Structures are given as C-alpha cells and as structure tokens.
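> all I have is the shape, not the residue letters:
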C-alpha cells in the first residue's frame, strides 16, 4: 500500500534534490564509450546546476570542451543507522556530461557558486570540474519509482546540517516509541506515506521486530519496521522543515506527542 498525494510529491522532490545535492555516493557511466567514473564529490549550485568533481581517464578525459557526452549517473544513499546496511533511496539520471576548461573552473571558484565539497575537491587536488545536464531523473525510494522533472531542481536543496547528529536525535527514542509513531502514520493521525512489503528474505533475530531509521529529510523521517508477517516502511511528515539537530528534535517531539495522543484515544 502506498499513498500518492502532495506529501509524496514534496518528499520525492526533497529526496531527489538531496541525493543530487551531494548526500549520496555517485558514479557516472558513459555507456556509449563503455567507461565508468567514480565521482569524488557532486552537488547543485545555487542556480540548480549539477556539478561533479572527478579524475577522468581514457575516452572520458578526452571529451572536447563544450561537447557533452551521454551518461547515466547513479547516486545511492545509505541509511544513517551504522548498525545496518539499508539503501534509503537512489537517483538515476540520464543526461550529458561536459568538462569545464581552466578559465571556467577558475571563474566558478572565484564567484563561490560551487558546493563546498566540490570546491574542496578541486582546490585540494587536480580533480576536474564537470557539468551534467539532466534529461531524465528517476527516484527510487520507499514509494517506488518517481519521475522528477529536472526543472523542479532549480536551486540547491534544503539539507540537514549534520545528519549524524540528527540521527542521534532519532536514536534517543526507545524503539517502542518509534513503533508508536509508525502506528500513528498507519492510522493517519500523523501525515505521511505508508508502504507495505513482504518480509525480508532470511530475516534474523537481530532484525526481527525492530525499528530502523532509514532516512532523515528536512521534510520528515523515514522508519522501517521489520515484523514477522511484513516489512513496513513509513515516512512521517514534519510540520515544518528542519535543518539542524535541534530542529529535527523539536519536530520529532511534536510527532511523538501526536502519536501518543492517538494511541491514548484508540485505547480509550
């Protein structure tokens, strides 16, 4: 079961923006040249331009300036919980890759328009600055596959300043409390998205009847419950965007109070 409404659209747009904005591991595949290239850093400029820093070799290094080559970019984000390996979401993009020349790269550095990670990679080494011009963007997350129009990524995405610190806010709650939040989303008391899937194959006692934080987005939190009969993934929507640990904590407190009230009402 999955909902498709304004919450879904907002969450998909925010997640895709974050992954393309640098919060995922990325690789570029030049499929017509038969070459792949790990990306050192990538991100979106303030005006929505997708840039990468990389060490191209072979035919990819010989692409003439101003002549984009067809590529597929894969950006995969892992869950912030270090105890498990869960793919939170991935973005797959088709577009054209071109390399900036020395003058263009220097101009971008001087104007300060590059994402900090891309800028650091170029200044600290001989990494080249690349520009990817998206033609088609598809997000894969808990809600399945969503086509994200490239014009919706017209500016740098909203992000959480320190995702590890934000995860600590989530981890401060008992799993029973997080289960209550999942239940509140299922009831519709807390706005969000619900996806129900079959049990994980080979689920072990370490993961059975557990709740895991899959992702923390400025617009909400994604939780996964591994049950005996099914695997539930829910996205609980924040009342307002959160950009820091304290703001995430404050929004979680609100959701937990709503969840507790829902359980109290249902039991009464």
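Thanks, I have the structure now. Given the structure is predicted, the values throughout are model-derived calculations rather than measurements.
> can you tell me how far the residue nearest to residue 260 when sequence neighbours are not counted is from residue 224?
The shortest distance from residue 260 to any non-neighbouring residue, by CB to CB, 6 or more residues apart in numbering, is to residue 180 (6.5 Å). The C-beta positions use only the backbone N, C-alpha and C, and glycine is treated the same way. Counting by CB to CB, to the nearest Å, the separation of residue 180 from residue 224 is 15 Å.
> settle it for me: which of these two has more neighbours?
Neighbour comparison, residue 180 and residue 224: the larger count goes to residue 224, with 26 against 20 (by other CB atoms under 10 Å).
> what is the rounded mean pLDDT of the strand or helix carrying the more buried one?
Applying DSSP states H and E as the criterion places residue 224 in strand 220-226. Averaged over strand 220-226, pLDDT sits at 93.
> now swap in stretch 12-26 and tell me
Stretch 12-26 carries an average pLDDT of 92.
> do stretch 149-168 as well
So the average pLDDT for stretch 149-168 ends up being 83.
> mind listing the helices for this protein?
Assigned helices in the chain, in chain order: 6-20, 58-61, 102-111, 116-124, 163-171, 175-187, 245-267 (criterion: DSSP state H).
> of these, which stretch is the most buried?
Highest mean neighbour count of the helices of the chain: helix 6-20, a mean of 21 (counted as mean count of other CB atoms under 10 Å).
> what packs against it?
strand 41-44, strand 69-78, strand 87-99, strand 128-141, strand 144-147, strand 192-197, strand 210-217, strand 231-237 (3 or more CB pairs under 8 Å, 6 or more residues apart in numbering; DSSP states H and E).
> just the angle for it relative to strand 210-217, thanks.
80 degrees (axes from the mean of the first three to the mean of the last three CA atoms, to 10 degrees).
> OK, contacts around residue 138?
Residues in contact with residue 138 (CB atoms under 8 Å, 6 or more residues apart in numbering) are 91-93, 145-148.
> find the nearest non-adjacent residue to it, please.
In this structure, residue 138 finds its nearest non-sequential neighbour in residue 92, 5.0 Å apart by CB to CB, 6+ apart.
> in the sheet, who's paired with the one you found?
Beta-bridge partners recorded for residue 92 (DSSP bridges): residue 74, residue 138.
> mind checking pLDDT for the residue nearest to residue 66 when sequence neighbours are not counted?
Distances taken as CB to CB, 6+ apart place residue 98 nearest to residue 66, at 6.4 Å, with adjacent residues excluded. We have a pLDDT of 95 for residue 98.
> same check on residue 126?
Looking at residue 126, its pLDDT stands at 83.
> tell me who's in contact with the nearest residue to it once chain neighbours are set aside.
The shortest distance from residue 126 to any non-neighbouring residue, by CB to CB, 6+ apart, is to residue 55 (7.6 Å). Counting by CB under 8 Å, 6+ apart, residue 55 touches 37, 40, 126-128.
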